[in-house]
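A.B. asks: need a 3D model of the following:
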Amino acid sequence: MENIINLVSDHREMLYFVILSVFVGIEVIGGVPTVLHTPLMSGANAIHGVVIVGAIYVMLNIDPTNIFALVLGFLAVLLGTLNVVGGFVVTDRMLEMFKKK
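C.D. replies: Below you'll find the predicted structure:
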């Protein structure tokens with residue numbers, strides 16, 4: 001428990017930045033009209049592919065004995081992949097609506 005308290009106190013500014021980013025992101029996404037949300041999500045998924053590649057690159061260059069970093073890297077790759085695949089599924093459904101029957 002003491003290690004967690006030390007980690008939080010050492011990286012306080014970074015935590016403030018992450019919390020502020022979450023609130024700014026919620027406000028920005030909340031202001032997007034419903035009609036534009038799906039096309040923007042499709043573009044964001046292409047950007048998220050870069051996150052997946054970056055997480056894989058970081059995982060390849062960390063010490064294999066650092067289990068915490070490996071677990072975080074694995075979660076980044078897993079959640080990033082789920083986001084990309086889910087976004088493309090939603091985009092495909094949206095495009096199906098415009099095809100003639």
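A.B. asks: for the least confident helix or strand in the chain by mean pLDDT, what is the distance to the chain centroid?
C.D. replies: Sorting the helices and strands of the chain by mean pLDDT, DSSP states H and E puts helix 34-60 at the bottom, at a mean of 78. When distances are taken as C-alpha atoms, centre = their mean, to the nearest Å, helix 34-60 is centred 7 Å away from the chain's centroid.
A.B. asks: how about stretch 13-31?
C.D. replies: For stretch 13-31, the distance to the chain centre is 13 Å (C-alpha atoms, centre = their mean).
A.B. asks: equivalent analysis for stretch 64-75, please.
C.D. replies: With C-alpha atoms, centre = their mean as the basis, stretch 64-75 stands 17 Å off its chain's centre.
A.B. asks: give me the residues contacting it.
C.D. replies: Here stretch 64-75 makes contact (C-beta atoms under 8 Å, 6 or more residues apart in numbering) with 55-56, 58-59, 62-63. Heads up, the C-betas are built off the backbone N, CA and C, glycines and all.
A.B. asks: narrow those residues to just the buried residues.
C.D. replies: Those of the contacts of stretch 64-75 that meet the buried threshold are 55, 59, by 16 or more other C-beta atoms under 10 Å.
A.B. asks: so what's the residue nearest the centre of the chain up against?
C.D. replies: What sits nearest the mean C-alpha location of the chain, by C-alpha atoms, centre = their mean, is residue 80, with 5.6 Å. Contact analysis of residue 80 by C-beta under 8 Å, 6+ apart lists 48-49, 51-52, 55.
A.B. asks: closest to residue 94 among these?
C.D. replies: Checking the contacts of residue 80 against residue 94 with C-beta to C-beta, the nearest one is residue 48 at 17.6 Å.
A.B. asks: mind naming the longest helix for this structure?
C.D. replies: helix 67-96 (DSSP state H).
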